[in-house]
Every structure is written in structure tokens, then in C-alpha cells.
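1. Provided below are the primary sequence and the corresponding predicted coordinates.
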Amino acid sequence: AFQKQDAVFIGSKRLLGKKSSKRSLRYWRNVGLSFATPKEAKEGNYVDKKCPFTGNVSIRGKILKGMVVSTKMKRTIIIRRN
């Protein structure tokens, strides 16, 4: 199936006599909280609606610093905080 980003409109009308650029349109954003947007999110071609950089998901809650101790549970990790 054809995958596209929701925020990019790909059906725009082409002007006669104009050469279109080969660069594809890509939506990415700065999520804030001192997170740098990865290069793969800016220049890649993946489509993920649950990605905070290219999709429609906001980062909520607190930012924790520590070391991951266990990842045995599904969608859950145990962190040892410093």
C-alpha cells in the first residue's frame, strides 16, 4: 500500500513549463525539551504516525535520567535513577 505523511499534500497542481524538484516533501518538527531532531527524521523516507518527530504524537510527562535495568515487560522498562 502507498504510504504518505498526513501533513504533506502530494496532489498539488503542477504549473506548465515549470520543472519540479526531485526533492520530496517531508514533514518533521522540533519537539522541544532539548531533544535534537534526528537526521533520519529529516532526510529519511519512513512513515510512522506514532513518531514524535514526524508523526502526530506529543511528548508528555517527565524526563528521567538513569540507567535501564530491565526491559522484560511489554512496553515497560525499569530505570535505576542516579
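-> Yes, it's here.
2. all strands for the protein, in order.
-> Ranges of strands in the chain, per DSSP state E, are 66-70, 78-81.
3. ok, residues contacting the first one?
-> Meaning strand 66-70. Strand 66-70 is contacted by residues 77, 78, 79, 80, 81, 82 when judged by Cβ atoms under 8 Å, 6 or more residues apart in numbering. (C-beta placed from N, C-alpha, C; glycine too.)
4. Retrieve the pLDDT associated with the residue nearest to the last one when sequence neighbours are not counted.
-> The reference is to residue 82. Of all residues not flanking residue 82 in the chain, residue 66 sits nearest, at 5.8 Å (Cβ to Cβ, 6 or more residues apart in numbering). With respect to pLDDT, residue 66 scores 94.
5. The one 4 residues further on now?
-> Residue 70 carries a pLDDT score of 96 in this model.
6. same question, residue 13
-> Per-residue pLDDT puts residue 13 at 73.
7. tally of neighbours for the closest residue to residue 8 other than its chain neighbours?
-> Distance criterion Cβ to Cβ, 6+ apart; nearest residue to residue 8, sequence neighbours excluded, is residue 25 at 4.6 Å. Residues near residue 25, counting by other Cβ atoms under 10 Å, number 12.
8. The residue lying closest to residue 42 once chain neighbours are set aside and residue 3, how far apart?
-> Once flanking residues are discounted, residue 42 sits nearest to residue 28: 5.2 Å by Cβ to Cβ, 6+ apart. Remark: distance between residue 28 and residue 3 (Cβ to Cβ, to the nearest Å) = 16 Å.
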